[in-house]
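In: Any chance you could fold what I've pasted below:
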Amino acid sequence: MRAIPVAILLVVCGAIIPASAQQMNSDDLKWINQCIQDNRGEPGGTAAIVRAYCVCMNEKMDSNETRSVTQWEKANPGARQACERTSGWK
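Out: Alright, predicted model coming up:
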């Protein structure tokens, strides 16, 4: 009897999560960690804000991108500004 409510919950949760959400892999974590290192000590960048910013930037980048987040953000100021707003930075 408990299996039915659990199954319904899983279906509902699956419907809430956007289909476009990427699954984070080890390569993503590598880029995010490098971004965090690159932005350590920046004014207004608490650890939580920098992490949120780097995750946001990583999600905006194509999975085939070869540049670091720091390199990519310089070429994509619109994405950088959007992630600054999303993360609460500046």
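In: going forward, measure contacts between C-alpha atoms and count neighbours the same way
Out: Fine.
In: which residues touch the helix or strand encompassing D27?
Out: Assigned by DSSP states H and E, D27 belongs to helix 26-39. Helix 26-39 is contacted from outside by 45, 50-51, 54-55, 58, 68-70, using CA atoms under 8 Å, 6 or more residues apart in numbering.
In: check contacts around T70.
Out: Applying CA under 8 Å, 6+ apart, the residues near T70 are 35, 38.
In: R85 is in contact with I49, correct?
Out: No - counting by CA atoms under 8 Å, I49 stays clear of R85, with 10.2 Å between them.
In: the more surrounded of those two?
Out: I49 (18 against 12; other CA atoms under 10 Å).
In: For the host helix or strand of that one, name the packing helices and strands.
Out: I49 belongs to helix 47-60 when assigned by DSSP H and E. Applying 3 or more CA pairs under 8 Å, 6 or more residues apart in numbering; DSSP states H and E, one finds that helix 47-60 contacts helix 26-39, helix 69-75, helix 77-87.
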